[in-house]
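Engineer: Next one to model:
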Amino acid sequence: MSNSFQILIVSENPEMQAELRKNLSRLGCKVKCAMSSEIGIEELKKMNYDAVFADLCVREKGGRAVARWVKNESMKSKVFIVTSWKGELESNLLRLDGIHAVIHKPFIFSEIRDKILEHIG
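Structural biologist: Residues are numbered from 1 along each chain as shown. Predicted coordinates for the structure are as follows:
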């Protein structure tokens, strides 16, 4: 996989960031982490990322707010929501928010790899 993929992880959970970073680095991605939605959005203003992995539940604004911001700014970044919730998320609502896929915790390397390949090549 190309090492040119720039990935931003938005989560206030350092353990989740580390585990996701490990999986993405294994794919050759360059990864940056943001500890809040606000920091993530500021980072997105500075640099174009191929993908954003945003935790569904973040204290101030969740991953859906990050996805809506990316969509409203007409950015090319693909947004993946990360969650441990096992229920179904309404796919039509996810699309309206600009979310491309859901990544479930605990992480499975093949799921991450497949979603990256499907959405960003």
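Engineer: okay but A54 is in contact with A67, surely?
Structural biologist: Yes - A54 is within contact range of A67, at 6.6 Å (criterion: CB atoms under 8 Å). All C-beta atoms are positioned from the backbone trio N, CA, C, and that covers glycine.
Engineer: anything in contact with each of these two?
Structural biologist: 79, 81 (CB atoms under 8 Å, 6 or more residues apart in numbering).
Engineer: Of the two, which one has the most company?
Structural biologist: Set A54 next to A67 and count neighbours by other CB atoms under 10 Å: A54 wins out with 29 against 24.
Engineer: Let me know the secondary structure of the residue nearest the centre of the chain.
Structural biologist: Geometric centre of the chain, nearest residue: F53, 1.1 Å, by CA atoms, centre = their mean. With DSSP: H, G, I helix; E, B strand; the rest coil as the basis, F53 sits in strand.
Engineer: So what touches the lowest-mean-pLDDT helix or strand in the chain?
Structural biologist: The helix or strand of the chain with the poorest confidence is helix 91-97; it has a mean of 75 (mean pLDDT, DSSP states H and E). Contact with helix 91-97 is made by 64, 67-68, 71, 81, 102, as judged by CB under 8 Å, 6+ apart.
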